[in-house]
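K.L.:
Quick check, what structure comes out for this input:
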Amino acid sequence: MAALANVLGVPFGTALGNAFGWRQTFWAVVAIGFVASFALYAWLPRDVPTPPMRLMQEARSLGSTQVVLAMVISVLASASLFGVLTYITPILENVTRLSAGSVTLMLLLFGVGLTLGNLLGGRLGDWRLMPSLIGILVLLAPLLALFTMTSKAVIPAAATIFCWGLLAFALISPLQMRVVNEAAGAPSLASTLNQGAFNLGNATGAWIGDVGLTHGLPYDQLLWIGAALAAVALLFTIISYRRAQAKIPSRPSTDA
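P.N.:
Take a look at the predicted model:
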């Protein structure tokens, strides 16, 4: 559903804001929130058995280094995305020189990339979790750096935005799986906190971008912020992977 929200919600919100003003976008979100709340109240089952929750025991499970590292990576990955995505409309309008209508189509293309990335990330996580995370970040950081050049023309920008959406959301499922796997004693609480980590990254990335703009950074240079944050996320992922590998006991030799 999050992927569908990006495919439809982001371009629709942008088009609505361009047509009627940015404040109307927020009123639309309020209306959708009321409809969603009513739907949840009407259709969610009320008799689902809930196992007892041992909060202190689950909290202790969240204190391991690997769980903390996994959540730090989630924050950095999300900050890398929203450090650019928050300002993608002015980037496309001022750097790529697109009209408002063309920006909406470009965001739709980005949403399609997100959807495919969400499907791809789940499969990669089931296949080889940490190597997949490392591989995605190895591609994502230079792609955002490349966007500083491809953002100057429509077709290269469109191709880059699609690939960016694909890679950015291919991270989500493996990151969630990583946190849940490492916090085996508190999977529900860990999953919830990791969503908070993603949201913290959303706000942090947008804030860093705002600081850059306030100090005179051109729109196209915001892409370097996303690339740098992705590179830091890659560093922490490699550290986490190496720590995990160091704890795996080596197989006994079978040599005679």
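
K.L.:
What ranges in the stretch 51-200 of the chain fall below the confidence cut-off?
P.N.:
The stretch 51-200 of the chain contains residues with pLDDT under 70 at 51-62.

K.L.:
how close does P174 sit to A42?
P.N.:
For P174, the distance to A42 equals 34 Å [CB to CB, to the nearest Å]. Yep, even glycine has a C-beta here, placed from its N, CA and C like the rest.

K.L.:
neighbour count winner among the two?
P.N.:
Per other CB atoms under 10 Å, whichever of P174 and A42 has more neighbours is P174, with 27 against 7.

K.L.:
Tell me who's in contact with E182.
P.N.:
64, 66-67, 70, 190 (CB atoms under 8 Å, 6 or more residues apart in numbering).

K.L.:
And for L146, the neighbour number?
P.N.:
When neighbours are counted by other CB under 10 Å, L146 registers 16.

K.L.:
Equivalent analysis for L223, please.
P.N.:
L223 has 26 neighbours, counted by other CB under 10 Å.

K.L.:
and it, what element?
P.N.:
Using DSSP states H and E, L223 sits in helix 222-246.

K.L.:
just checking, what packs against that helix?
P.N.:
Applying 3 or more CB pairs under 8 Å, 6 or more residues apart in numbering; DSSP states H and E, we find helix 222-246 packed against helix 65-85, helix 129-150, helix 187-214.

K.L.:
C-alpha coordinates for the helix or strand just after the second one, CSV please?
P.N.:
Using DSSP H and E, the helix or strand that directly follows helix 129-150 along the chain is helix 154-170. Once side chains and other backbone atoms are set aside, the C-alpha atoms of helix 154-170 remain, and they are given as CSV (Å, rounded to 0.1, in the frame of the first residue of the first chain):
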residue,chain,number,x,y,z
VAL,A,154,14.4,15.4,-19.6
ILE,A,155,15.1,11.9,-20.8
PRO,A,156,18.2,11.2,-18.8
ALA,A,157,16.4,12.7,-15.7
ALA,A,158,13.4,10.4,-16.3
ALA,A,159,15.7,7.3,-16.6
THR,A,160,17.6,8.3,-13.4
ILE,A,161,14.4,9.0,-11.4
PHE,A,162,12.9,5.6,-12.3
CYS,A,163,16.1,3.8,-11.3
TRP,A,164,16.3,5.9,-8.1
GLY,A,165,12.8,4.9,-7.1
LEU,A,166,13.6,1.3,-7.9
LEU,A,167,16.7,1.2,-5.7
ALA,A,168,15.4,3.4,-2.9
PHE,A,169,12.4,1.2,-2.2
ALA,A,170,14.3,-2.1,-2.8
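
K.L.:
Buried ones in helix 154-170, by neighbour count?
P.N.:
Neighbour-count burial for helix 154-170 flags 157-158, 160-170 (criterion: 16 or more other CB atoms under 10 Å).

K.L.:
what do you get for stretch 204-224?
P.N.:
204-206, 208-209, 212, 219-220, 222-224.

K.L.:
with the contacts of E182 in mind, which one is nearest to A197?
P.N.:
Nearest to A197, judged by CB to CB, of the contacts of E182 is A70 at 8.5 Å.

K.L.:
what about the closest one, distance to Q195?
P.N.:
Distance of A70 to Q195, computed by CB to CB: 13 Å.

K.L.:
For these two, work out which one has more neighbours and name it.
P.N.:
A70 (27 against 12).

K.L.:
quick one: the spatially most central residue of the chain from L189, how far?
P.N.:
Central residue of the chain (CA atoms, centre = their mean): S78, 4.2 Å from the mean position. Remark: distance between S78 and L189 (CB to CB) = 19 Å.

K.L.:
I am finished for the moment; much appreciated.
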